[in-house]
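Asker: what's the 3D shape of this:
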Amino acid sequence: MSRTMGQPAPTKTTRPGTNPAATNPALEWLWKYLQDVRNPHVLDCGPVFQATVDVLLRRSAKLHVADLVTPILKGEARLWDRNGKIPVFRVSELLAQFPAIPRGSLTVILGWHLLDLLPREVHAEVVKRWLSYLQPGGVLFCLLREPYLPKGAETLWWLESLKMLASGHEGSRPFPYPAVTNREMERLVSPGSVKTFLTRTGRREVLAVIPP
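Answerer: Numbering: from 1, shown residues only. Below you'll find the model as predicted:
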C-alpha cells in the first residue's frame, strides 16, 4: 500500500460548511463490481482528503494523486495561452501533472467534476490519458452536472466510506461550460460502457467501464 498525505480529514458529523455523507448507489455498484480485486490501484484527480486516503488504505488500495482540479479553480496562468485573441487551454500543461503511472495499471480513477471544468476541445485528450492508465475491466468514476445546476464548480468531494460520498458546502461559482451529455461521455469512452446514476443534487454519477 502507498500512503498519501492529503488535506485535513473532514469529520463524520454534520457541521457548518459540510454536507452529510450518504450511501451512494454508484459507489455501491463500483465496489461490488470490484469485490474480487484484492489490491485496487486508484488515481484521485482532485484535492485528496485524508478521509479518502484512510478509506482506500482500509481497502488495501494503492493510491496515486494528481490534483488537476485545484489549478483550474485557481485559474493558474500556465494553463492558458493568451497570446491570441481567443485564450487557448494548454492541455499539455494539465496532462504533465499526472504522476508516472504505468499504462494499464489502474483499477479506478476518481475524476470528480474535472470534465465540467474543462473546455470541450480538450476532453478527448484528457479521457484518452485516463483510459490509457486503466486496466481491462477498470472503471472511471466522474461527477457531471445537470444543465439545470448552474453553480457549484468549486464544491469538493471525498469518500467517507467505500459506499458513502461526502462534500463540502455547495459552492457558488458558476460552471464555466455547458453540461456534458451522456452521449458525449459514451463517445469519449468508446468502446467502454457507461452506467449513469441520477442524484437529487443536480448531478449525474457516471461510471465508465473499460472492456475486460
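Asker: C-alpha from now on. contacts and neighbour counts both.
Answerer: Noted.
Asker: residue contacts, residue 132?
Answerer: Shown in contact with residue 132 (Cα atoms under 8 Å, 6 or more residues apart in numbering): 103, 104.
Asker: for it, give me the pLDDT.
Answerer: Note on residue 132: pLDDT of 97.
Asker: over to residue 92?
Answerer: pLDDT, read off for residue 92, is 97.
Asker: buried stuff in the helix or strand hosting it?
Answerer: Using DSSP states H and E, residue 92 maps to helix 91-95. Using 16 or more other Cα atoms under 10 Å as the test for burial, helix 91-95 gives 91, 94.
Asker: stretch 126-144 too?
Answerer: For stretch 126-144, burial by neighbour count (16+ other Cα under 10 Å) applies to 126-127, 130-131, 133-144.
Asker: re the thing from before, after the helix holding residue 92, which helix or strand is next? Please name it.
Answerer: Of the helices and strands lying after helix 91-95 in sequence (DSSP H and E), the nearest is strand 106-112.
Asker: tell me what the lengthiest strand in the chain is packed against?
Answerer: For the chain, the longest strand by residue count, based on DSSP state E, is strand 134-145. Contacts defined by 3 or more Cα pairs under 8 Å, 6 or more residues apart in numbering; DSSP states H and E place strand 134-145 against strand 106-112, helix 114-117, strand 203-209.
Asker: now do the shortest one: everything it contacts.
Answerer: For helix 114-117, contacts defined as Cα under 8 Å, 6+ apart pick out 45, 68-69, 72, 123, 142, 144-145, 153, 175-180.
Asker: by contact count, what packs against the helix holding residue 92?
Answerer: helix 123-133.
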